[in-house]
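# Provided below for reference: sequence and predicted model.
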Amino acid sequence: MKLAMIYSFLKNDLAVIENAVNETIQSDNTVLRQASSQLLQAGGKRIRPVFVLLAGKFGDYDIERMKAVAVSLELIHTASLVHDDVIDEAQLRRGEPTIKARWDNRIAMYTGDYIFARSLENLSALENPRAHQILAKTMVELCLGEIEQIKDKYNIEQDLRTYLRRIKRKTALLIAASCRLGAIAANVDDEQETALYQYGYYVGMSYQIIDDVLDFTASEKQLGKPAGGDLLQGNITLPVLISMEDPYFKKRLETAFQKREEWTMEDLRPLIDTIQTNGSIERSLEISDRYLKKAYQSLERLPANRAKQTLKGIAKYIGKRRA
Amino acid sequence: MIKLKSSDNDIKQLKQKIASKVRHPYLVRFIPEPTIDEDKLVILSSIMDHTNLSDVKKEQYIVTTMLVQIALDTHDLVTLTEEDDDKDTVRNRQLTVLAGDYFSGLYYYLLSQLDDIPMIHTLAGAIKEINELKMELYYKDVESFQEFLEGLKKIESLLIQRVASYVQKTTINDMAGEWLLAKKLLEEKRTYQEGNFSPLFDVLTRRPGILGNNGQVLVNIEQTLQNHINRLEMTVSQLPIHFNWLKSYVHSAIHHQFNQRQIAEEG
């Protein structure tokens, strides 16, 4: 089943969000308008707005209030993607040339900053200081996470705790914040708001671990980039971290990292083969499953309704993304 | 918290406070610490001096506005990608992108702690407009040099002017515009003459229709600069008496930044 089918009952509200997102980034400047529109049309699953709307279903759901939050979160995510493409020197995003590839790095910087500013302007319609505090803290953490990721590149002396903290900042916090802000916008009671936040956090952790596993197990066609790309860039993800428990593997990786200036995917191949067969993939997925289990447990604290069923469905879908 | 009544000492303390907010142990190892524009800090302090806001608010408004300025300035430093970029260049560029994002996040974080949603809105609005203006200036054909200068002036002063409007103290808006434009022209000229990349000169020399060839660009910029300094001196002397500290600061800045430079160049 496709992910969009799971939340198809939100179709009308998501169309409202989609229109609002497009309206929000309509600039008078032609290049800015083209760049922003291209980015949003290339689209994604709009998963953050989905979490906002679903969390809102546990309270006083008003589409106007939900819209302010959902649009802002999607725009913050989008702005970060534009800047990420500059960081990663990415040429393609979902098959389309990135803003930096089509224009240049500076246009990408201005576009990202513009979208970020529109996001905050839009969210200021929500006069709830706590919502702003949560989002602001999340954004600072997100940046710190990305800085950490660069800092930890090619560093083989890192542990599980470092990795988990990094993926928490990189992925889980924004999903958790989407759930929490959706709940706040709909005045959901404190206990349920916490449950929704935790659900988002656990699902986000599981999602990122699976993403990191897929980097080793999915085909180049599925990934849109060569398998093992994360490792080639020096990113030590969970399967690598587990593999490094074997001193021989760690030594081989260390040697490979030492000549990283000139290494290619072919040099990496033997290491990738080992990761694919040494049980680290299975152990990573077990850890991901533990997070998913906690996500389900968080849902138990919520009343039964269609949104709860959908949140369960999304968690299930995430768990099945195993190429 | 600094008890504000603009003075050299307060500016120094504010500068230290802002520097401590933007200092990050990893960033500082690889990219230059952000430049805190002291003139913009002085203008902001003078604006806040004449409001009835609490000292906490005054300080937070100055600090957060400066964080936004630093974030925007940092992103202007992001270099274009070249095929032969080495590892360090790439890492520096990556960290420059993230540093700018981080400083933006900090402004939002500080204001959210103060529950100041209207100010968040004001600063976000200014960021939006400034980025639109940058796109206009650097990536669209402007019809005249005058139009180009107007755009540049707006980019330099819009953030402060929006904050001034927000606190309803706009007396020094015109002076601020002239001052910041003159300063920008001077900085870009210096950068260009030192053989470094100047976005301003890059645009002007790529569009000879606006200002002519390289040599003419320099002469024209120099003339424009002098005109602006003359206008600035006049605008400053017309400021009300309660801006005396600011007046003497600007006069001194004109002397040090502009006139002395001219003596040095001519001598």
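Happy to help now that I have it.

# what's the helix or strand for residue 73?
Assuming you mean chain A. According to DSSP states H and E, residue A:73 maps onto helix A:63-87.

# I was thinking of chain B, sorry if that wasn't clear
Applying DSSP H and E as the criterion places residue B:73 in helix B:55-76.

# wait, does that helix contact chain A?
Yes: legend: contact between helix B:55-76 and chain A by Cβ under 8 Å from any Cβ of the partner chain is shown at B:71-72, B:75-76. Where C-beta positions appear, they are placed from N, C-alpha and C, glycine not excepted.

# just the angle between that helix and helix A:63-87, please?
Taking axes from the mean of the first three to the mean of the last three Cα atoms, to 10 degrees, one finds helix B:55-76 and helix A:63-87 inclined to each other by 50 degrees.

# tell me which other helices or strands the helix or strand just after helix B:55-76 touches.
Moving toward the C-terminus from helix B:55-76, the first helix or strand encountered (DSSP H and E) is helix B:87-113. Contact analysis of helix B:87-113 by 3 or more Cβ pairs under 8 Å, 6 or more residues apart in numbering or on different chains; DSSP states H and E lists helix A:63-87, helix A:105-123, helix A:129-152, helix B:8-22, helix B:27-30, helix B:55-76, helix B:117-139 as its packing neighbours.

# ok so, going back, distance from the chain centre to the helix holding residue A:73, please.
The chain centre lies 11 Å from the centre of helix A:63-87; the measure is Cα atoms, centre = their mean, to the nearest Å.

# in it, what's buried?
By neighbour count on 16 or more other Cβ atoms under 10 Å in any protein chain shown, the buried set for helix A:63-87 is A:65-87.

# same question for stretch A:41-59.
A:42, A:46-59.

# any low-confidence regions in the stretch 151-267 of chain B?
For the stretch 151-267 of chain B, the stretches flagged by pLDDT under 70 are B:208-215, B:259-267.

# how about 50 then?
Residues of the stretch 151-267 of chain B meeting the criterion pLDDT under 50: none.

# just the helices in it please.
Ranges of helices within the stretch 151-267 of chain B are B:173-193, B:199-206, B:208-211, B:214-237, B:244-253, B:260-266, based on DSSP state H, counting those that start in this stretch.

# next, the contact list for the closest residue to chain A within the stretch 151-267 of chain B, please.
Residue nearest to chain A within the stretch 151-267 of chain B (Cβ to the nearest Cβ): residue B:199, separated by 8.4 Å. By Cβ atoms under 8 Å, 6 or more residues apart in numbering or on different chains, the residues touching residue B:199 are B:76, B:138, B:188.

# how many other residues sit next to the residue lying closest to the last one once chain neighbours are set aside?
It stands for residue B:188. In space, and not counting its chain neighbours, residue B:188 is closest to residue B:200: 4.0 Å by Cβ to Cβ, 6 or more residues apart in numbering or on different chains. Residue B:200: 21 surrounding residues under other Cβ atoms under 10 Å in any protein chain shown.

# wait, doesn't residue B:200 sit right on residue B:190?
No: shown here, residue B:200 and residue B:190 do not form a contact pair, counting by Cβ atoms under 8 Å, at 11.2 Å.

# related to what we said a few turns ago, please identify the most buried of the helices of the stretch 151-267 of chain B.
Among the helices of the stretch 151-267 of chain B, ranked by average contacts under mean count of other Cβ atoms under 10 Å in any protein chain shown, first place goes to helix B:173-193 (a mean of 20).

# how about residues contacting it?
The contact list for helix B:173-193 (Cβ under 8 Å, 6+ apart) reads B:39-40, B:43, B:149, B:152-154, B:156-157, B:160-161, B:164-165, B:197-201, B:218, B:221-222, B:224-225, B:228-229, B:231-232, B:235-236, B:239, B:250, B:253, B:257-258, B:261.

# tell me if I am right that residue A:61 is in a helix.
No: per DSSP: H, G, I helix; E, B strand; the rest coil, residue A:61 lies outside any helix segment and is coil.

# gap between the residue nearest to it when sequence neighbours are not counted and residue A:302?
Sequence neighbours aside, residue A:186 is the residue nearest to residue A:61 in space, at 5.2 Å (criterion: Cβ to Cβ, 6+ apart). Using Cβ to Cβ, to the nearest Å, residue A:186 is found at 13 Å from residue A:302.
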